[in-house]
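> Sequence below, structure please.
(one chain, ligands or ions: 1)
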Amino acid sequence: MKGVIIGGGIIGLSIARQLYKLGYDITIVEKNTLGRGASWAAGGMLAPLAEGLMGDFLKFCVESRDMYKSFVEEIEKETGDNVGFWECGIIYPAFNEEEKELLIKRVEYYKKLGYNASWLEKKDIEDMGYQIGKGIIGGAYFPEDKQVDNRRLVIALIKYLKKTKIEIRLFEKVKFINEKDGIFKSITTEKGEIEADFCILAAGAWSGELDPVNVFPKKGQMFSFKTKKKEELKNIFYSRRAYIIPRKDTNLVVVGATEENVFFKEGNTVGGMILLLKGLLDTFPYTKDYEITETWYGFRPATPDELPILGKSDVKNLYYATGHYRNGILLAPITAKLISDLIHREEESPYLKIFSFDRFKHKMV
Ligand SMILES: Cc1cc2nc3c(=O)[nH]c(=O)nc-3n(C[C@H](O)[C@H](O)[C@H](O)COP(=O)(O)OP(=O)(O)OC[C@H]3O[C@@H](n4cnc5c(N)ncnc54)[C@H](O)[C@@H]3O)c2cc1C
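Sure thing, here's the model as predicted:
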């Protein structure tokens with residue numbers, strides 16, 4: 001059976017890998033080069049608790065977070081690459097009493113659900129070896145939230161795919177998805193038509209250009225800097241002001257991210273950078289002399305309710321794997337599994353019902 005995947009970000013690449021292993025003939029069509037969309041721009045946090053998620057989405061994200069260790073171990077074995085997976089835990093600092101109260105409530109809520117979370121006083125954070133800003137009065141600690149170096153992971157996935165018989169078509173923009181009598185038939189690209197038995201729309205923030213799927217861009221700006229020593233920071237610091245993510249085995253730290261409704265407006269801005277730099281200095285004032293190494297931005301695939309859109313569409317054999325918004329790196333393993341189970345075994349996980357596109361139709365009635 002032949003499947004075509006539109007979009008070569010972490011979602012398209014992870015699904016391609018899974019379906020190839022199950023024996024499918026896969027073609028990926030990418031308008032640029034692989035893995036340079038949101039999947040390149042991201043922070044790589046695997047952070048359902050620091051993100052403050054709740055309900056079914058929390059459960060879904062925790063499941064994917066817990067799949068990560070074996071997901072990266074397999075990919076590292078297949079490629080010989082190290083993808084910077086780090087079970088570093090996340091500290092969420094509070095800068096005032098209001099934030100402290102909210103975070104303590106959150107810690108209690110997660111503890112009741114059986115997740116690992118605790119409250120750290122300022123001194124506890126200092127005792128961990130951190131010189132933190134004067135304004136910090138304590139922080140929530142989520143030891144099981146972690147990270148992967150998303151760029152290294154994407155590079156490894158590409159390396160794996162290039163060793164297989166998966167067809168990779170680069171710099172080929174998909175213009176239309178074609179159906180007949182409600183059944184998927186083919187896609188039309190700038191270079192011609194590609195027929196297939198099924199199609200997966202994994203075009204990230206651009207998915208709405210091809211299908212009325214309710215996905216739109218939310219821009220995020222980021223930058224990175226170098227610390228004096230390797231692993232000078234050993235935890236992620238995540239707050240409303242900025243998240244600060246030290247990379248494993250290096251002196252690189254990435255800092256993000258703004259949340260902007262500016263459609264696909266390119267570029268880093270003075271305002272965006274000031275916000276992030278201030279967030280960094282409020283947390284670690286001593287970094288003011290450290291060297292900035294890169295600035296960048298990307299477009300998160302957002303949806304009206306901030307949840308992903310996964311599974312069947314109204315067109316038979318056209319599937320959605322999009323709208324992952326702030327958590328697409330985290331959700332790559334579970335998305336790849338559920339979409340391939342749906343195609344291969346016609347097994348529809350209850351999660352696919354929860355995150356189905358149908359939820360928007362009900363709201364419109
Ligand atoms: C600043 C920032 C920080 C983030 N931090 C985190 C984080 O810490 N943790 C986390 O889990 N998530 C994070 N995210 C979210 C995460 O990056 C995304 O949810 C995820 O990368 C989405 O993956 P994707 O494959 O769907 O999209 P993308 O990586 O954007 O890939 C989509 C691909 O489709 C291609 N494409 C689009 N249209 C077409 C077309 N017509 N024809 C052919 N190809 C097409 C694009 O060129 C692109 O390569 C962050 C995002 C941003 C922007």
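
> In the stretch 201-350 of the chain, what residue comes closest to the ligand?
Per C-beta to the nearest ligand atom, residue 328 is where the stretch 201-350 of the chain lies closest to the ligand, at 2.1 Å. Where you see a C-beta, it was placed from the backbone N, CA and C, and this is true even at glycine.

> Next, work out how far apart that residue and residue 202 are.
Taking C-beta to C-beta, to the nearest Å as the measure, residue 328 falls 10 Å from residue 202.

> Which neighbours do these two have in common?
Shared contacts of residue 328 and residue 202 (C-beta atoms under 8 Å, 6 or more residues apart in numbering): 9, 11.

> before we move on, what SS does residue 337 have?
Secondary structure, DSSP: H, G, I helix; E, B strand; the rest coil: residue 337 is helix.

> quick one: it and residue 21 touch, right?
No - using C-beta atoms under 8 Å as the test, residue 337 is too far from residue 21 to be in contact (11.3 Å).

> and residue 258, what is it in contact with?
Contacts for residue 258 (C-beta under 8 Å, 6+ apart) come out as 219, 220, 221, 272, 275, 276.

> Could you dump those into CSV and include pLDDT and secondary structure?
Output for those, formatted as CSV (pLDDT from 0 to 100; DSSP: H, G, I helix; E, B strand; the rest coil):
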residue, pLDDT, secondary structure
219, 98, strand
220, 98, strand
221, 98, strand
272, 98, helix
275, 98, helix
276, 98, helix
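
> Number of residues surrounding residue 208?
Residue 208: 19 surrounding residues under other C-beta atoms under 10 Å.

> Which residues are in contact with residue 13?
By C-beta under 8 Å, 6+ apart, residue 13 lies in contact with 28, 34, 35, 39, 154, 157, 158, 161.

> hmm, I was thinking of residue 177
Neighbouring residues of residue 177 by C-beta under 8 Å, 6+ apart: 6, 184, 187, 199, 201, 210, 211, 315, 318.

> Separate out the buried members of those residues.
6, 184, 187, 199, 201, 210, 211, 315, 318 (16 or more other C-beta atoms under 10 Å).

> I'd say the second one and residue 198 touch.
By that I understand residue 184. Yes - the criterion here is C-beta under 8 Å, and residue 184 meets it with residue 198 at 6.3 Å.

> biggest helix in this structure by residues?
helix 55-79 (DSSP state H).

> Could you pull out the buried residues of that one?
57-58, 60-62, 64-68, 71-72, 75-76, 78-79.

> low pLDDT regions in the stretch 151-300 of the chain?
In the prediction, the stretch 151-300 of the chain carries no residues with pLDDT under 70.

> I'd like the domain boundaries of this structure, if you could list them.
With automatic domain parsing as the criterion, the domains of the chain are listed as 2-73+150-214+304-364, 87-146+216-302.

> about what we covered before: format the buried ones among the contacts of residue 177 as TSV; extra columns: secondary structure and distance to the ligand.
Listed next are those as TSV, based on DSSP: H, G, I helix; E, B strand; the rest coil; distance: C-beta to the nearest ligand atom, whole Å:
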residue	secondary structure	distance to the ligand
6	strand	5
184	strand	16
187	strand	9
199	strand	12
201	strand	9
210	coil	6
211	coil	10
315	coil	17
318	strand	14
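
> thinking again about what came up before, need the residues touching each of residue 184 and residue 198.
Listed as contacting both residue 184 and residue 198 by C-beta under 8 Å, 6+ apart are 317, 318.

> Between residue 337 and residue 21, which is the more surrounded one?
Neighbours were counted for residue 337 and for residue 21 using other C-beta under 10 Å; residue 337 has more, 18 against 13.

> tell me which parts of the stretch 101-250 of the chain are close to the ligand?
Residues of the stretch 101-250 of the chain lying near the ligand by C-beta under 6 Å from any ligand atom: 173, 174, 202, 203, 204, 205, 206, 210, 220, 222.
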